[in-house]
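S.K.: A predicted structure for the sequence below; I have some questions about it.
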Amino acid sequence: MLAFIIRRALQSIGVLLAVGIIAFAMFRFAGDPVNQIVSIDTPAAEREQVRRSLGLDDPVPLQFARYVSRALTGEFGVSYQFRQPVADLLGERMPATLELAICATVFSLVFGILMGVFSALKRESFLAKVFQTVSLIGISLPTFLIGILLIYLFSVSLGWLPSYGRGDTVRLGWWTTGLLTWTGLQALIMPSVTLGLFQMTLIMRLVRAEMLEVLRTDYIRFARARGIRTRAIHFGHALKNTLVPVITIVGLQFGSVIAFAIITETVFQWPGMGLLFVQAVQNVDIPIMAAYLMLVALIFVTINLVVDILYTVVDPRLRATIRQPA
Amino acid sequence: MLNRPTLLAAAAATLLASTALPAMAVTLRYSNQGDLKSLDPYTLNETTTLAHHGHVYEGLTRRGKDLKIEPALAERWETSPDGLTWRFFLRKGVKFHNGNAFTADDVVFSATRVRAQGSNFQTRIPTTAEFVKVDDHTVDVKLKTPNPILNYQWDTWYIMDKEWSEANNSTSPTPASATTPSYAALNANGTGPFTIDSHQPGVRTVFKKNANWWDKADHNLDEIVFTPIGSDATRVAALLSGEVDVVEPVPLQDIQRVNSSPNAQVLTGPELRTIFLGFDQTRDELLFSNVKGKNPFKDVKVRQAFYQAIDIETIKTRVMRGLATPTALMIAPELVTFSKEFERPKYDPEGAKKLLAEAGYPNGFEVGMDCPNDRYVNDEAICQAVVGMLARAGIKVNLMAQPKAQYFAKVLKPGNYNTSFYLLGWTPGTLDAHNVLHDIQGCRDNPQSSRGESNLGGYCNKQHDELTDKILVETDKAKRDEMMKQAFKLATNDFSYIPLHQQALAWGVSKKVKLVQRADNQVLLYWARKEP
């Protein structure tokens, strides 16, 4: 078991290194960072001096090696645009992104399960068809379009919700939260819906399909035959059994919710890591780009690692195969 | 447990208590597409940043609503007859936000700091200029050569407090390669009309009124809340929904919608930036063309043909939706006295064809064009229009539109001027024509000199350069203006560039707010008044 975990951890490090190498190879195509640091009428000599001081003259492999060796000591460099340590900037932005991702996930779970159960039980009803249509829209419309439509409806036309930003936040230690203020909660609604809509449709379709599957099984029929109340059968037995794959999917998708928050954050000017990353790309701020990509890779790798380990804990059959590798 | 009336009363009381105090407070919420990165006034020489810093910091001079130079931290100044010594008399009784007095030491200190490594403002003061403290409120600037425009850019050379900078280990600007965070990047201590209340880089900055400002305030604001909003649609939506009072810029296609809304309108006006097209006139063979063995742009007829093939009115009405001022000059007409004497050659596609035939290209030729797509107003659309117009004259243009990060990396000096035909915009930082004559139209043949560094196509006329050098040291205004006119005439007759237009400023402003739109696109809210 321990050997398995160690092997997996080593593989994860390999993945992280690969992400780093690919990222560094791509930075060369992002443009010249020096142009973003100086103004257009800066003399060439001054530009050269900036380039040298940043080590941008060195070959890419050397730049990468230097980056990795510094990163190992917890040093992620200083942002070219903000002149602040990247770790501080990301740390400051992380609560906003995590709060958004969690709210979006909760939203997608609650509504996805409710709608899925409903459309499985009342397949022929009008509302179920509405849900199906909504889910189709949710899957096919791009996120930024949904965001802008929501803004024009709820901020400009109705004036109910703020169109940008996080509202007032409360600081709890190093964490800032918008969950404790009225404006903060208002500001969370539209971004969470926008970000969670795709997950919601996914969950709804999954729950519906699983639910239909389970309702056809023998033990549900027996339960019916025994005269157990329909409600208890549906929610006590059928739903419970559909939730296992749902939870797996939600867990695995949490990483992509964080990664895809980039678009939602840009549309709503949500001050999270994704927005920081987009601005960094526009300004060729390599330290931020590198740190963000590594962080997202780390999140994905960690989630997958945890899921793998949990599976072996839950499922004894897997443990047996691990012990005797083929 | 409270009963309902008590609860209501309590709620009402809280509401009253919370509104009673700030009832008088006027908060202006402002949003720009770009963010405020660093508070250190010497790290980024860029319009939006300069304007932000100008609320907190001040220079020895400042520029008024019409861009005229006015005294600020210096009450007055005089130059010696030989033009080599400038004496500045500093304003007395001015205090920095932390209470420190403003003295000559701060000026001398700032003059050193602005020229230090890591500063993006090194050209604000000649490297050889020497700053000498005469007494606490008098400073002499000793020059090696006369410089009539020494103080033209000093409105944005902001004066910092020596003691504060020394106490906070910020005696030099934070270079981009810094490994430790900079105090001056996150904190500010100026003499200006506003103080920084809080600053989260890239998220939100709150300015508070400086009650102890030395000058009489022209605004009625107590607080400015600045939030960058990068997405155009969201920024406009925030203005329309009344969540922000001022936004810059408003995209051209949204102007109509903002103007027809009940609570906001768009302020427009010509900007100082000139948008123009340039050609590679140095290489013996163009990098991106099907003409081999020679460079067609070395022939003035070809350049003239390109110029005449461009229908500037169509670009103005179709691409810019009327929000552009066509120009025949490479500098904004507001900045020179002789703009009326320059006129564009008439739009004449047939004449262009004839010129091309005379030059030996009866069937035209192919050329690649570089164009940014996120730098100037509708930049890519202008280039597409140019492609269509040149096609009518028989020129096939292969357009390469790219984000500014890639564009500038390719076409500027560090990218070896890797272009054959390009679109660029330029505002002379000094607001003086010498900058254009030197940086854009000057010869590039001496690699040691900074002359012509932004002359991407390498246009060169020695007579023009001689005039430019005389202009730099000429102190008689009338003579100087005349020489400038001659220099522009030379470059215009050579068809060195194709000036297109001044793009328009477009600020979205709530109907509750009155403000002044200055042509350099600095959003200066210390001239803003908002209905409470």
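M.R.: In hand now; what should we look at?

S.K.: in chain A, which helix has the most residues?
M.R.: helix A:86-121 (DSSP state H).

S.K.: which positions in it come out as buried?
M.R.: Buried positions in helix A:86-121, judged by neighbour count with 16 or more other CB atoms under 10 Å in any protein chain shown: A:86-87, A:89-90, A:92-101, A:103-105, A:107-109, A:111-113, A:115-121. Glycine gets a C-beta too; all of them are placed from N, C-alpha and C.

S.K.: same check, this time on stretch B:305-316
M.R.: B:305, B:306, B:307, B:308, B:309, B:310, B:311, B:312, B:315, B:316.

S.K.: got the phi and psi for the nearest residue to residue B:144 once chain neighbours are set aside?
M.R.: Among residues not flanking residue B:144 along the chain, residue B:128 sits closest, at 4.6 Å (CB to CB, 6 or more residues apart in numbering or on different chains). Main-chain dihedrals, residue B:128, degrees, to the nearest 10: phi -90, psi 0.

S.K.: what about residue B:128, how many neighbours?
M.R.: 9 (other CB atoms under 10 Å in any protein chain shown).

S.K.: need the next SSE after the longest helix of chain A, C-terminal direction.
M.R.: As assigned by DSSP states H and E, the chain's next helix or strand after helix A:86-121 is helix A:126-140.

S.K.: can you tell me what sits against that following helix?
M.R.: A:115, A:118, A:119, A:122, A:146, A:197, A:198, A:200, A:201, A:202, A:204, A:205 (CB atoms under 8 Å, 6 or more residues apart in numbering or on different chains).

S.K.: could you pull up the mean pLDDT of it?
M.R.: Taken as a whole, helix A:126-140 has an average pLDDT of 85.

S.K.: all the helices of the stretch 201-350 of chain B, residue numbers only.
M.R.: For the stretch 201-350 of chain B, applying DSSP state H, counting those that start in this stretch gives helices covering B:232-240, B:255-259, B:300-309, B:312-314, B:349-358.

S.K.: please, which helix or strand holds the closest residue to residue A:262 other than its chain neighbours?
M.R.: Leaving aside its chain neighbours, residue A:262 sits nearest to residue A:274 (3.6 Å; criterion: CB to CB, 6+ apart). Using DSSP H and E, residue A:274 sits in helix A:273-282.

S.K.: what about residue 79, how many residues nearby?
M.R.: Here I'm looking at chain A. Neighbours around residue A:79, by other CB under 10 Å: 30.

S.K.: nope, chain B
M.R.: Other residues near residue B:79 number 18, with proximity taken as other CB under 10 Å.

S.K.: next, residue B:141: phi, psi?
M.R.: Dihedral angles (degrees, to the nearest 10) for residue B:141: phi -110, psi 120.

S.K.: so it sits against residue B:86, correct?
M.R.: Yes: taking contacts as CB atoms under 8 Å, residue B:141 lies within contact range of residue B:86: 4.4 Å.

S.K.: need the residues touching each of the two.
M.R.: Shared contacts of residue B:141 and residue B:86, defined by CB under 8 Å, 6+ apart, comprise residue B:150.

S.K.: on that earlier part again, pick the one among the buried residues of stretch B:305-316 closest to residue A:30.
M.R.: residue B:315 (30.9 Å; CB to CB).

S.K.: strand partners of the longest strand along chain B, parallel vs antiparallel please.
M.R.: Across chain B, the longest stretch assigned as strand under DSSP state E is strand B:264-279. With DSSP bridges as the test, strand B:264-279 is paired with strand B:421-426 (antiparallel), strand B:497-510 (antiparallel).

S.K.: mind checking which of those is nearest residue A:220?
M.R.: Closest approach to residue A:220 among these is made by strand B:497-510 (60.0 Å; CB to CB).

S.K.: only C-alpha atoms, please: export the closest one in CSV.
M.R.: Coordinates of each C-alpha in strand B:497-510 appear next as CSV, following Å, rounded to 0.1, in the frame of the first residue of the first chain:
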residue,chain,number,x,y,z
TYR,B,497,4.8,58.2,-43.0
ILE,B,498,1.1,58.1,-43.6
PRO,B,499,-0.5,59.9,-40.7
LEU,B,500,-4.1,58.7,-40.3
HIS,B,501,-6.0,60.3,-37.5
GLN,B,502,-6.2,61.3,-33.8
GLN,B,503,-8.4,58.7,-32.2
ALA,B,504,-11.1,60.0,-30.0
LEU,B,505,-11.2,59.8,-26.2
ALA,B,506,-14.4,58.2,-25.0
TRP,B,507,-15.2,58.4,-21.3
GLY,B,508,-18.4,57.2,-19.8
VAL,B,509,-19.7,59.6,-17.2
SER,B,510,-22.7,59.4,-14.9
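
S.K.: quick one: mean pLDDT over that strand.
M.R.: Computed over strand B:497-510, the average pLDDT equals 94.

S.K.: could you do stretch B:295-303 as well?
M.R.: For stretch B:295-303, the per-residue pLDDT averages 94.

S.K.: over to stretch B:102-115?
M.R.: 95.

S.K.: go through it and flag the buried ones.
M.R.: B:102, B:103, B:104, B:106, B:107, B:108, B:109, B:110, B:111, B:113, B:114, B:115.

S.K.: surely residue B:510 touches residue B:242?
M.R.: Yes: if you go by CB under 8 Å, residue B:510 and residue B:242 touch, sitting 6.9 Å apart.

S.K.: can you list residues touching both of these two?
M.R.: In contact with both residue B:510 and residue B:242: B:263, B:264, using CB under 8 Å, 6+ apart.

S.K.: residue boundaries of the strands in the stretch 101-250 of chain B?
M.R.: Counting by DSSP state E, counting those that start in this stretch, the stretch 101-250 of chain B has these strands, from start to end: B:130-135, B:138-142, B:194-200, B:204-209, B:223-228, B:246-248.
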